[in-house]
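Participant: Quick one, what's the 3D model for this:
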Amino acid sequence: MYADFQNEIYLNGLSGVVPPLPTDLTRLEPLAREKLSREAYDYVAGSAGTGDTARANREAFRRWRLVPRMLRGSSGCDLSATVLGQTLSVPVLLGPVGVLRQLHPEGELAVARAAESMGVTMVLSTAASHTMEEVAEVGGPRWYQLYWPNDRDLAVSFLDRAKTAGYSALVVTLDTFMLAWRPHDLDNAYLPFLRGLGNQNYFADPVFSANAGDNPILHWASLFGNPTLTWDDLAFLREHWDGPIALKGIQDTDDARRAVDAGMDGIVVSNHGGRQVDGAVASLDALPAITHAVGDQIDVLFDSGIRTGADVVKALALGAKAVLLARPYAYGLALAGEAGVRHVLRCLLADLELSLRLSGHADLASPALENLQHQ
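Facilitator: Numbers count the residues shown, from 1 in each chain. So this is what the prediction gives:
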């Protein structure tokens, strides 16, 4: 079904119609750079420090090579996956990206509409520039990503609001209890939250508003992040969220095991796309040992560096049940709003289906380590 997108493109070509955006998703970033303000582009594309971790993420994919198998007798391809007890139509989610209104006026609303039209699950960031309730009105499958504030009453309010708005799973980002050294943003002296963008879930919250006083932005700054959290604090989440919980930002096997011991339902092997620790291990390099360490005790998801269908296949073969896509859809949003996000999804899913089938696989259960070669 998804691979039919290429037939649509070729048939449109008979009438002189070509795709409005590149079908190679790695070509979107320079186009977005031309369109966006320097501040907005650098915020999304920038990484921590020298960008070493972001580069390592992509280099890690190039070290793993697919080994196609022939004459497997398959006439179709099933891309559905079960993750955190939920059936996903595809093993790709739109990962949480904050402050999307700086890329396009409709921001997260446009992303939600594109995701809903494709049946793809969107993970909404706490740092969204539209509230979780506004995004929920669009419909479609949705998870909520929590930046755990240092006010527990506010954290509970976020969780209650997300449950009421129909978010079916909780993704807790662990690696951003403070912002990393990000030279691009520092050189621009630009942090969107200090300009009232990306705080919308806070400003709309009754607990936050009751204590914000005359300067809600300074109140936000006093609440964002909580470096005092420990593994023992995860019990608090269980008390206030009755759905599945995944911890995002796991890079170490011991941390993965601790997530299992804490009764979590999933983990996201992630280095925040290289935005938090410069020189950190590439996310894909961390994945095999982590999936081996936890086995089937917990669902393992993956992000950081996904750009192609082959990237998705490699992550699945190394043990991930699904991947989170981030920067490519943000660039699609910047270039063409909802249509740009939908274009990115159609390209990635067509590429994924073709990569699977041409490698000899009819579903997501068959790719395995024996179908990869490390170089």
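Participant: quick one: low-confidence parts of the protein?
Facilitator: By pLDDT under 70, the low-scoring segments of the chain are 367, 369-370.
Participant: switch to 80 and redo it
Facilitator: Low-confidence segments of the chain, defined by pLDDT under 80: 74, 366-370.
Participant: Need the residue closest to the centroid of it.
Facilitator: Nearest to the mean C-alpha position of the chain, counting by CA atoms, centre = their mean, stands Gly95 at 1.9 Å.
Participant: Not counting its neighbours along the chain, what's nearest it?
Facilitator: Setting aside the residues directly before and after it, Gly95 is nearest to Leu324 in space (CB to CB, 6 or more residues apart in numbering), at 3.3 Å. (Glycine included, C-beta is placed from N, CA and C.)
Participant: ok so that neighbour is a strand residue?
Facilitator: Yes: judged by DSSP: H, G, I helix; E, B strand; the rest coil, Leu324 forms part of a strand.
Participant: what about it, distance to Pro192?
Facilitator: Leu324 is 21 Å from Pro192, where distance means CB to CB, to the nearest Å.
Participant: So for those two, which residue has more residues nearby?
Facilitator: Leu324 (25 against 19; other CB atoms under 10 Å).
Participant: Tell me how many other residues surround Leu179.
Facilitator: Leu179: 14 surrounding residues under other CB under 10 Å.
Participant: Equivalent analysis for Val83, please.
Facilitator: Counted with other CB under 10 Å, Val83 comes out at 22.
Participant: List the contacts of it.
Facilitator: Going by CB atoms under 8 Å, 6 or more residues apart in numbering, Val83 touches 91, 266, 299, 301, 321-322.
Participant: bridging residues for the residue nearest to Gly95?
Facilitator: Listed by DSSP bridges, the beta-bridge partners for Leu324 are Leu93.
Participant: was I right about it contacting Leu93?
Facilitator: Yes: applying CB atoms under 8 Å, one finds Leu324 in contact with Leu93, separated by 5.1 Å.
Participant: shared neighbours of those two, which are they?
Facilitator: Counting by CB under 8 Å, 6+ apart, the contacts common to Leu324 and Leu93 are 123, 301.
Participant: ok so, going back, just curious, which of the contacts of Val83 is nearest to Gly49?
Facilitator: Closest approach to Gly49 among these (CB to CB): Leu301, at 25.4 Å.
Participant: For that closest one, what are phi and psi?
Facilitator: Note on Leu301: backbone dihedrals following degrees, to the nearest 10 are phi -110, psi 170.
Participant: Repeat that for the one 3 residues further on.
Facilitator: Per-residue torsions, Ser304: phi 100, psi 90 (degrees, to the nearest 10).
Participant: so it sits right up against Asn271, yeah?
Facilitator: Yes: counting by CB under 8 Å, Asn271 is a contact partner of Ser304 at 5.1 Å.
Participant: And the helices in the stretch 251-375 of the chain, which stretches?
Facilitator: Along the stretch 251-375 of the chain, counting by DSSP state H, counting those that start in this stretch, helices occupy 253-261, 283-294, 309-317, 327-358.
Participant: Take those helices and lay them out in a markdown table including mean neighbour count.
Facilitator: Shown next, in a markdown table, are the helices of the stretch 251-375 of the chain (neighbours: other CB atoms under 10 Å):
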| stretch | mean neighbour count |
| --- | --- |
| helix 253-261 | 16 |
| helix 283-294 | 22 |
| helix 309-317 | 25 |
| helix 327-358 | 23 |
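Participant: how about the helices in the stretch 1-150 of the chain?
Facilitator: Going by DSSP H, counting those that start in this stretch, the stretch 1-150 of the chain shows helices at 4-13, 28-35, 38-45, 52-63, 107-118, 132-136.
Participant: Export those helices as JSON lines, with columns for mean neighbour count and distance to Glu353.
Facilitator: Formatted as JSON lines, these follow (neighbours: other CB atoms under 10 Å; distance: least, CB to CB, whole Å):
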{"stretch": "helix 4-13", "mean neighbour count": "13", "distance to Glu353": "9"}
{"stretch": "helix 28-35", "mean neighbour count": "16", "distance to Glu353": "20"}
{"stretch": "helix 38-45", "mean neighbour count": "20", "distance to Glu353": "28"}
{"stretch": "helix 52-63", "mean neighbour count": "19", "distance to Glu353": "19"}
{"stretch": "helix 107-118", "mean neighbour count": "24", "distance to Glu353": "13"}
{"stretch": "helix 132-136", "mean neighbour count": "20", "distance to Glu353": "28"}
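Participant: Quick one, which of those gets closest to Tyr329.
Facilitator: helix 107-118 (6.7 Å).
Participant: Would you mind putting the CA coordinates of the closest one into PDB?
Facilitator: Output of helix 107-118 as PDB, limited to C-alpha atoms (Å, rounded to 0.1, in the frame of the first residue of the first chain):
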ATOM      1  CA  GLY A 107       2.800  24.100  14.000                       C
ATOM      2  CA  GLU A 108       1.700  20.900  15.900                       C
ATOM      3  CA  LEU A 109      -1.800  21.200  14.500                       C
ATOM      4  CA  ALA A 110      -0.500  20.700  11.000                       C
ATOM      5  CA  VAL A 111       1.600  17.800  12.100                       C
ATOM      6  CA  ALA A 112      -1.300  16.200  13.900                       C
ATOM      7  CA  ARG A 113      -3.500  16.500  10.800                       C
ATOM      8  CA  ALA A 114      -0.900  14.900   8.600                       C
ATOM      9  CA  ALA A 115      -0.400  12.100  11.200                       C
ATOM     10  CA  GLU A 116      -4.100  11.500  11.500                       C
ATOM     11  CA  SER A 117      -4.600  11.200   7.700                       C
ATOM     12  CA  MET A 118      -1.900   8.600   7.600                       C
END
